[in-house]
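1. mind looking at a prediction? Sequence and model below.
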Amino acid sequence: MFKRLKFLIYTRPFIWFAYYLVKGYSSTFRLKIENEAHWKALLNQGKPVLLCTWHQQFFAAIIHFKQYAAYHPGLMISRSRDGDLISGVANRVGWHTPRGSSSRGGKEALAAMISHLKEHGFGAHILDGPRGPMGRIKPGVIRMAHATGARLVPFYVTADKAWFFNSWDRFMLPRPFSNVSITFGDSIQLPPPAGPEVFEQQRQDLENLCLPRLFHFQTKE
């Protein structure tokens with residue numbers, strides 16, 4: 001019975017159900033978007049942009065990001081079964097999804113994502129990947145920035161009321177009818193490094209910049 005139920009979760013009808021569930025749930029948010037115009041101006045000037053955030057915070061952005069479908073955005077998603085579901089929902093909001101992660105198919109997915117950025121100039125990336133550890137930026141986002149010249153634009157999600165799951169990333173789910181803000185940071189351009197030490201310094205600098213906006217706590221009632 002459990003195996004049959006698990007199989008149904010990854011079928012096309014269930015993915016459609018999941019999409020409308022996320023859409024309906026997200027429609028209850030009192031959403032505020034901050035500092036979005038500056039990176040859209042970069043895109044309109046023909047400069048590639050790669051939005052990036054922590055795994056903990058991406059949920060509230062899913063439906064709003066449907067508005068970016070005209071830019072042909074790309075998002076790398078793992079080849080796990082959970083990734084099948086996430087990819088299915090992302091495809092329905094207009095996002096292209098090269099599949100892979102550091103543990104499986106990462107090299108191929110990274111190459112596909114780089115090709116996508118070179119062709120369309122826009123995408124997004126989860127900084128700490130599908131498995132973490134929490135707050136540790138994986139090197140893929142740095143490699144994509146070097147290979148494509150894309151400007152990195154960190155974004156952060158906050159909610160005045162939210163649940164924090166007991167998962168590796170303390171996943172944040174804003175509560176229905178909460179005030180939710182999606183705030184985009186300033187764009188960052190990373191010059192190609194002269195060696196591995198400079199590469200690691202760039203990764204660490206980006207991590208230090210983004211870490212203060214990672215929420216390790218549970219909001220008060």
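-> Arrived safely.

2. from here on, just use CA atoms for contacts and neighbour counts.
-> Noted.

3. isn't residue 132 right next to residue 167, touching?
-> No - with contact defined as C-alpha atoms under 8 Å, residue 132 does not count as touching residue 167 (10.4 Å).

4. neighbour count: these two, which is higher?
-> The neighbour count for residue 132 versus residue 167, taken as other C-alpha atoms under 10 Å, is higher for residue 132 (16 against 11).

5. quick check, the more buried one in a strand?
-> No - the assignment for residue 132, made by DSSP: H, G, I helix; E, B strand; the rest coil, is coil rather than a strand.

6. quick one: residue 21 is in a strand?
-> No - looking at residue 21 with three-state DSSP, it is helix, so not inside a strand.

7. ok so, going back, overlap in contacts of residue 132 and residue 167?
-> Residues touching both residue 132 and residue 167 (C-alpha atoms under 8 Å, 6 or more residues apart in numbering): none.

8. quick one: the longest strand along the chain to chain centroid distance?
-> In the chain, assigned by DSSP state E, the strand with the most residues is strand 151-159. Distance, stretch centre to chain centre, for strand 151-159: 9 Å (C-alpha atoms, centre = their mean, to the nearest Å).

9. averaged pLDDT, it. What do you get?
-> The average pLDDT within strand 151-159 is 97.

10. what does it contact?
-> Under the criterion C-alpha under 8 Å, 6+ apart, residues 39, 47-54, 57-58, 60-61, 145, 174, 178-190, 210, 213 lie in contact with strand 151-159.

11. make a PyMOL selection of the buried ones in the residues you listed.
-> Only the buried entries of those go into this PyMOL selection, using 16 or more other C-alpha atoms under 10 Å:
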select buried, resi 39+47+48+49+50+51+52+53+54+57+58+60+61+145+174+178+179+180+181+182+183+184+185+187+190+210+213
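
12. report the buried residues of the helix or strand hosting residue 200.
-> For residue 200, the element it lies in under DSSP states H and E is helix 196-210. By 16+ other C-alpha under 10 Å, the buried positions in helix 196-210 come out as 199, 202-203, 206-207, 210.

13. ok, so of those residues, who is nearest residue 93?
-> The closest of the buried residues of helix 196-210 to residue 93 turns out to be residue 210 (C-alpha to C-alpha; 26.1 Å).

14. so how far is residue 85 from the nearest residue to that closest one once chain neighbours are set aside?
-> Distances taken as C-alpha to C-alpha, 6 or more residues apart in numbering place residue 154 nearest to residue 210, at 7.3 Å, with adjacent residues excluded. To residue 85, residue 154 is 24 Å away according to C-alpha to C-alpha, to the nearest Å.

15. circling back: so which elements touch the helix holding residue 200?
-> helix 140-148 (3 or more C-alpha pairs under 8 Å, 6 or more residues apart in numbering; DSSP states H and E).
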